[in-house]
Structure formats: C-alpha cells, structure tokens
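Undergrad: pasted the sequence and its predicted model underneath.
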Amino acid sequence: MIHLDELISTVQEVETTIASGPIVPNVKPSEIRSHLASRYDFASPMALTEITADVERMLRAWHVQVTHPRYMGLFNPSVTPASVIGDTLVAMYNPQLATWRTSPAANEIERHVLSWLTGKFGLPDTAIANFTSGGAEANLSATIVALTRAFPDYAASGVRGLAGRPAIYMTNESHHSFIKIAHMTGLGRTAIRTVATDRHLKIDLTNLAKRIAEDRQEGFLPFMVVGTAGTTTGGVIDPLPELADFCRSHDLWLHVDAAWGGAAVISPRLRGFLNGIEKADSITCDAHKWFSVPMSAGMFFCRHADAVKRTFGVESYLMNAKKGEDAIDPYVTTLQWSRRFIGLKVFLSLAHYGEAGYISMIEHQTRMGDLLRECLTLSGWQIVNTTPLPLVCFTRNNLNTTEFLEKLYDRQIAWMSEVRLAGGPSVLRACVTSFRTSEKDVEWVVREMNKLV
C-alpha cells in the first residue's frame, strides 16, 4: 500500500512551488547537455536520492511549467492529484493490457470508464472504445477502420488493390496528424483534400459537396470526412449535425476529432455545442487534455464494432487463451500490442471528483476564458475567433506578436502562443488549460500585458 498522505503532500508542494515560480525557462541545449555529460557517464552507480533530486531540479529550472495557472498555451493541463496516484500505481504494478487474462481488473476498469463516456457521447452500447497513446493514434485508428469498412479489398491488397485513390476531406483548421496518417497508410499526402471554411472558420458544406463531386470525376474515392470539435488554433466547432447528415446521405465516414473539446460533452452549459457528435462513426477524445490527467491518455470510440474487429483482428498462438464470457483482448481491437494501463488515472480522477466535480472544473475554465475575452476587449484588444470554449485569439493594431511574446516570456507574465487563422496575420492565442487558473490570474495577466504595448 502506497503512503497516500505523503504522495499527496508532495504533489501539493510541487503545485505550490510551480505556481509561485517562473513559467518559461531561459536555457540553451548546450547548457543541459553539458550538465548531463558532466554527471552521467553511467560508468558507476549513483544514489537514487541524489539522481532524483537532480532530475527534479532540471525539470523545475529547464521546463515550461505547463501546470502553472498562468500557462495559457497548448492543451497541456494541470493534473489532478488522483491521476498522479493512478500513474504511480500503474508504474508499481506494471500491468500488461494486451490480453484480458493477463490483467482482468485493469481491462475491466478501462472498459468501465470508456463505457461511461461512450454513453455521454450518445454512441450505442455496442460501440467499441479503447485508450490510445494520444489523439494521433486515435485518428490513425479511425482512418484505418474507415478504409477497411469502405474498401473490403484494402485489408488484403492495400491501396494498390483499389480502383481509385481514397480521399479524406478536412479543413486547414483540422489537426495535421491526418497528413502524417495519409503518408503512413499509403494513401499519400495528396489524399488529404482541403475544404474551405466559412467566416467563422467552420467547414463549408457547400464547398465540401463541390470538392467531392469534382474529385469523383477525377477518379478519387471519397470515403471519410473529418469534423473538429475544438480546433487547435481557434477552438472552432464544426457544424456536426449538418455534417453528419451530409456524410450519411453521401455514404461517407464521419470522424469527429474532439481531442480537446470532447470533454465539453459532460457539461450542461457546453454539451449543446457538441450536438451531432452522437451521429459520428468515430470520435477522438484525449483525457490528457480537458480531463486534466497526465500524458498520455488518448481515447478512440467507434460505433462499428464489426469494422474495428475486422481491422485489428489477428491470430496469435502466444496470445490465445481462455477468457471469461464476453471479455475482449485489446490486442485484437487496437493498434497497440503491449500496452500500459492508461485508463487508471482517468478512473481515479472521475471516481474522486465525480461527474459534478468535473463539470465544475470544466465550466470554471470556460468562465475564465469568458473573463479573459471581457478583460481584453475592455483594454482595447480585438478578439478574432469565435468559440464557446476557453480559447481566445486576439490582437491589436500594429502588434508584432513575436516581439510581444518575447517580452511576455521574459517578464514571466504568462505563456501564450501565436497562430495564423485562415492564412491571415499572426495573432496571439491564449487557452485556459488549468482548473487552478483564477480570476486574479486572468486580470493580472491582462493588466501586465497592457503595460507591454
């Protein structure tokens, strides 16, 4: 039995230290490499306490502190103490989840969590869901399953055996993991067919229909459309109900990449913005984003259990074994073989905070995003994106975003990033990713930013 009080106390101490310290490191690769080379030639053993203390010093000094309440960057959250305990338990017991018989409890715990979230998304009880290494793996899983279902010859012959070139439709706001996926699956990067967006950066259904019609005449085989629920750049949610109806009428697979925004489905305030997600063929959602657990904890959901089993099913003498009733071996329904017990940190956090606790955390961050918009607008900044999620893109006349961010980091005010929306000029991007971000943090950040312009 681990000493919970001691571990929780350590987590709280780290939280306090990070919150009161710098956010952005000032270090060069040569400095870190020199430090490592001077201390670690691995020629002789060292005391574990000494090594641990040194590594912790490195992480505190040479690391962007993504759990800081004023980190307003990419989707890297503060993490719950319960999820840290979960990862500690997993490291200690080291369960292997490839087969059910090896880790019955771990497999059933993951199934229980995923079944709960499957229901929240409105997918049928027969849907299959798995934890993944992250959103990229979940998106890859969706693409391979969609290919297998659309083209029966793909499994045996690959793309060479098809009568034309399969095509995927998405906007420039969609996640770029699909470009790598097209490369890895043998489709080729030109299989990604870019669709126009409207003035709010949502997918333009008229242009989608036009592109598909033109591509079919050119010999392409459209099979999949990617809708996004919370784009990385601007937090945009595509028109999911209309997109779902379009895909069904054109016999296309709809994949909803809800890696960040998917968590909004549990919030009474936000779930309406995800209407239509229940009609998706597959969904990506990352718990290591808005469910506030450590990396990595992606999730893949698919309504077509038969297609998933046809895609990943394989016979292995080493893995064959009797198992209970309707138990499923994850190695025949996922890309992975050997697999870590990813879902425990999510299970512990959900069990500890409860649904109401998670709703409170998500809606608090949403309110902080609203407050940030309000404070920026009152200070003369221009908001340039439209989303109900706590991601704010903003600018002002004659602002040099690169120089501004250098000042922001140098004075340790906050961590933000710069983006270009729809190919436009560079603007600032701030996303509230921590349930510890307070009104005081937001108001102080805006006041300090106003001093820089």
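TA: Structure's in. What do you need?
Undergrad: show me where the stretch 101-250 of the chain has its strands.
TA: 128-132, 165-171, 192-195, 220-228 (DSSP state E, counting those that start in this stretch).
Undergrad: partner strands of the last one, parallel or antiparallel?
TA: Partners of strand 220-228 in the sheet, by DSSP bridges, are strand 165-171 (parallel), strand 253-257 (parallel).
Undergrad: gap between that strand and the chain center?
TA: Taking CA atoms, centre = their mean, to the nearest Å, one finds strand 220-228 lying 20 Å from the centre of the chain it belongs to.
Undergrad: rewinding a little: just the strands paired with strand 220-228: most buried one?
TA: strand 253-257 (a mean of 28; mean count of other CB atoms under 10 Å). Where C-beta positions appear, they are placed from N, C-alpha and C, glycine not excepted.
Undergrad: show me what that strand is in contact with.
TA: 135, 139, 142-143, 146, 149-150, 174-175, 223-229, 240, 243-244, 247-248, 262, 277, 279-284 (CB atoms under 8 Å, 6 or more residues apart in numbering).
Undergrad: now for the helix-or-strand element of the chain with minimal mean pLDDT, which elements pack on it?
TA: Ranked by mean pLDDT, DSSP states H and E, the weakest helix or strand in the chain is helix 4-19, scoring a mean of 87. Contacts defined by 3 or more CB pairs under 8 Å, 6 or more residues apart in numbering; DSSP states H and E place helix 4-19 against helix 81-93.
Undergrad: of all the residues in the helix it packs on, which ones are buried?
TA: Within helix 81-93, the residues scored as buried using 16 or more other CB atoms under 10 Å are 81-90.
Undergrad: got the buried residues for the least confident helix or strand of the chain?
TA: Buried residues in helix 4-19 (16+ other CB under 10 Å): 11, 15, 18-19.
Undergrad: okay, that helix in CSV with CA atoms only?
TA: The C-alpha trace of helix 4-19 is given here as CSV (Å, rounded to 0.1, in the frame of the first residue of the first chain):
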residue,chain,number,x,y,z
LEU,A,4,-1.1,8.4,0.1
ASP,A,5,-0.7,11.2,2.5
GLU,A,6,3.0,11.5,1.7
LEU,A,7,2.4,11.4,-2.1
ILE,A,8,-0.5,13.9,-2.0
SER,A,9,1.6,16.2,0.2
THR,A,10,4.5,16.0,-2.4
VAL,A,11,2.1,16.8,-5.2
GLN,A,12,0.7,19.8,-3.4
GLU,A,13,4.2,21.0,-2.6
VAL,A,14,5.2,20.8,-6.3
GLU,A,15,1.9,22.7,-7.3
THR,A,16,2.7,25.5,-4.8
THR,A,17,6.3,25.8,-5.9
ILE,A,18,5.4,25.9,-9.6
ALA,A,19,2.6,28.4,-9.1
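Undergrad: go through the helix or strand just after that helix and flag the buried ones.
TA: Following helix 4-19 in sequence order, the next helix or strand is helix 29-39 (DSSP states H and E). By neighbour count on 16+ other CB under 10 Å, the buried set for helix 29-39 is H35.
Undergrad: which strands and helices sit next to helix 29-39?
TA: Using 3+ CB pairs under 8 Å, 6+ apart, helix 29-39 sits against helix 48-61.
Undergrad: what is the rounded mean pLDDT of the helix it packs on?
TA: Mean pLDDT, computed over helix 48-61, is 95.
Undergrad: can you add distance to L399 and give the buried residues of helix 4-19 back as TSV?
TA: Shown next, in TSV, are these (distance: CB to CB, whole Å):
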residue	distance to L399
V11	38
E15	33
I18	29
A19	28
